[in-house]
Each structure stands twice: as C-alpha cells, then as structure tokens.
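Q: Sequence and predicted structure are below.
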Amino acid sequence: MQSLVTFLTPGLATAAAVALLAGLMRGFAGFGSGMLMAPVYGIVGLQASHGAW
C-alpha cells in the first residue's frame, strides 16, 4: 500500500483528474479534450521535470 501512496503524486492526481474531465467534455461535445488537457499536462510536465513536486 505504501508504494501506491508514493506513486500517486499531486502531479499524477492532477493529470488523472484532467483526463477524467476531458473525457466527459469529449463525451458531451464530441471534441475539445485536447484543448483542456494540453495546457495542464504542459504545466504538470514542466514542474515534474524540474522537481518542483
């Protein structure tokens, strides 16, 4: 169980939440999931590469 806690970082939790919201948006509208995911994934990836989390 401890390995799951160390694996679930705030960045990964944010990315998972955004993916869920983008999936809902794509389900209702049929497009636009990339417009929601790209900026957030860019921010999360930038912070992860610099070790901010």
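A: Perfect, I can see it now. Keep in mind that this is a model prediction, so the values were computed, not measured.
Q: Compute the distance between Thr6 and Met25, please.
A: Per Cβ to Cβ, to the nearest Å, Thr6 is found 31 Å from Met25. For glycine as for every other residue, the C-beta is placed from the backbone atoms N, C-alpha and C.
Q: Between the two, tell me which one has more neighbours.
A: Using other Cβ atoms under 10 Å as the criterion, Thr6 and Met25 rank with Met25 on top: 16 against 7.
Q: Now the phi/psi pair for that one, please.
A: For Met25, the backbone dihedrals are phi -60, psi -40 (criterion: degrees, to the nearest 10).
Q: Now do the same contact list for it.
A: Gly32, Ser33, Leu36 (Cβ atoms under 8 Å, 6 or more residues apart in numbering).
Q: What distance do you get for it to Leu36?
A: 6 Å.
Q: ok, back up a step: buried subset of the contacts of Met25 as a ChimeraX selection?
A: Selection of the buried residues among the contacts of Met25 in ChimeraX, burial being defined by 16 or more other Cβ atoms under 10 Å:
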select :33,36
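Q: Reformat the contacts of Met25 as TSV; add secondary structure and distance to Leu12.
A: As requested, those are exported to TSV (DSSP: H, G, I helix; E, B strand; the rest coil; distance: Cβ to Cβ, whole Å):
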residue	secondary structure	distance to Leu12
Gly32	coil	23
Ser33	helix	18
Leu36	helix	17
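Q: for the contacts of Met25, which one is nearest Pro10?
A: Checking those against Pro10 with Cβ to Cβ, the nearest one is Leu36 at 18.6 Å.
Q: Show the residue spans covered by the helices in this protein.
A: For the chain, the helices defined by DSSP state H cover 2-7, 10-29, 33-50.
Q: Contact partners for Met37?
A: Applying Cβ under 8 Å, 6+ apart, the residues near Met37 are Val18, Ala19, Ala22.
Q: now Ala15, nearest residue through space, not along the chain?
A: Distances taken as Cβ to Cβ, 6 or more residues apart in numbering place Val44 nearest to Ala15, at 5.4 Å, with adjacent residues excluded.
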